[in-house]
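After the sequence you'll find the predicted model.
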Amino acid sequence: MLSAFTAGLLLITVSELGDKTFFIAMLLAMRHSRRLVFVGAIAALAAMTVLSVLMGQVVSLLPKTPLHIAEIVLFVGFGFKLLYDASQMSRMAVCEDVKDAEETIEQAGTLVGRRGVVLQSFALTFMGEWGDRTQFATIALAAANNPWGVTAGAIVGHAICAAIAVVGGRLLAAHLSERLITGLGGLLFLLFGIVAWVEGA
């Protein structure tokens, strides 16, 4: 369980820093109560994590050999894709996810009141996370590891990233190297692919 917790924590923390949902939380926190934005964001991320782990448990019912191969291909594929993306970025590239997050918030409009802020934060975060690479990575981790450990680790990782976004996201974004974060994410995905291969062997 500890290894599953650590895997979920590391994968989510590194992958979510500088992600679109990170910037959605950051921008909302600049307009509304940080506490309310955090509550909505972490509720959405926790719900997405639980859904992903449940999907992973369904996937784990498939035959083990093809499942193991798919897990390795997924992690290695994401790893090389992120490393390629990082190699194409300038050293301090302006993050496209910030623009995407701003457009998403503008299109959604503004909900009023405390409940409205929480609901907006929840909805925008949940939709932004749906189909994200971390969702697929969580499904793969949960299919091959202890689901309770993956769930706890992923939720803690999301909570860390959401807290950073709402508290110091603006300061971090000013000094955030998208190239570095993307490269670290790529290396981490490759590492998980290697670990999955070694464990399967």
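Cool, the structure landed.

In this protein, which helix is the longest?
Using DSSP state H, we find that the single longest helix of the chain is helix 147-175.

From the chain's centroid, how far away is the next helix or strand after that helix?
As assigned by DSSP states H and E, the chain's next helix or strand after helix 147-175 is helix 178-200. Centroid separation between helix 178-200 and its chain, computed with C-alpha atoms, centre = their mean, to the nearest Å, is 14 Å.

Could you list every helix and strand that helix 178-200 packs against?
In terms of contacts (3 or more C-beta pairs under 8 Å, 6 or more residues apart in numbering; DSSP states H and E), helix 178-200 is packed against helix 2-16, helix 64-87, helix 133-144. Backbone N, C-alpha and C define where each C-beta goes, glycine included.

Considering only helices and strands, which part of this protein has the lowest mean pLDDT?
helix 96-108 (a mean of 72; mean pLDDT, DSSP states H and E).

tilt between the helix or strand just after that helix and helix 133-144?
Following helix 96-108 in sequence order, the next helix or strand is helix 113-129 (DSSP H and E). For helix 113-129 against helix 133-144, the angle by axes from the mean of the first three to the mean of the last three C-alpha atoms, to 10 degrees is 70 degrees.

any idea how far the closest residue to Gly56 other than its chain neighbours lies from Gln135?
Among residues not flanking Gly56 along the chain, Ala142 sits closest, at 2.7 Å (C-beta to C-beta, 6 or more residues apart in numbering). For Ala142, the distance to Gln135 (C-beta to C-beta, to the nearest Å) stands at 11 Å.

anything in contact with each of the two?
Residues touching both Ala142 and Gln135 by C-beta atoms under 8 Å, 6 or more residues apart in numbering: Ser52.

what's near enough to touch Gly131?
Applying C-beta under 8 Å, 6+ apart, no residues contact Gly131.

Contacts only, for Gly193.
Ile72, Leu74, Phe75, Val76, Gly79.

And the nearest residue to the fourth one once chain neighbours are set aside, what's its pLDDT?
Spelled out, it's Val76. Distances taken as C-beta to C-beta, 6+ apart place Gly193 nearest to Val76, at 3.9 Å, with adjacent residues excluded. The model reports Gly193 with a pLDDT of 82.

Excluding chain neighbours, give the residue nearest to Thr151 in space.
For Thr151, ignoring the flanking residues on the chain, the nearest one in space by C-beta to C-beta, 6+ apart is Val53 at 4.9 Å.

shouldn't the one you found be in contact with Pro147?
Yes: the pair Val53 and Pro147 passes the contact test of C-beta atoms under 8 Å, sitting 5.0 Å apart.

Could you check which of those two is surrounded by more residues?
Per other C-beta atoms under 10 Å, whichever of Val53 and Pro147 has more neighbours is Val53, with 24 against 19.

quick one, what contacts that one?
Counted by C-beta under 8 Å, 6+ apart, Val53 has contacts Thr138, Ile139, Ala142, Pro147, Val150, Thr151, Ala154.

mind checking pLDDT for the third one?
Translated: Ala142. Per-residue confidence at Ala142 stands at 87 (pLDDT).
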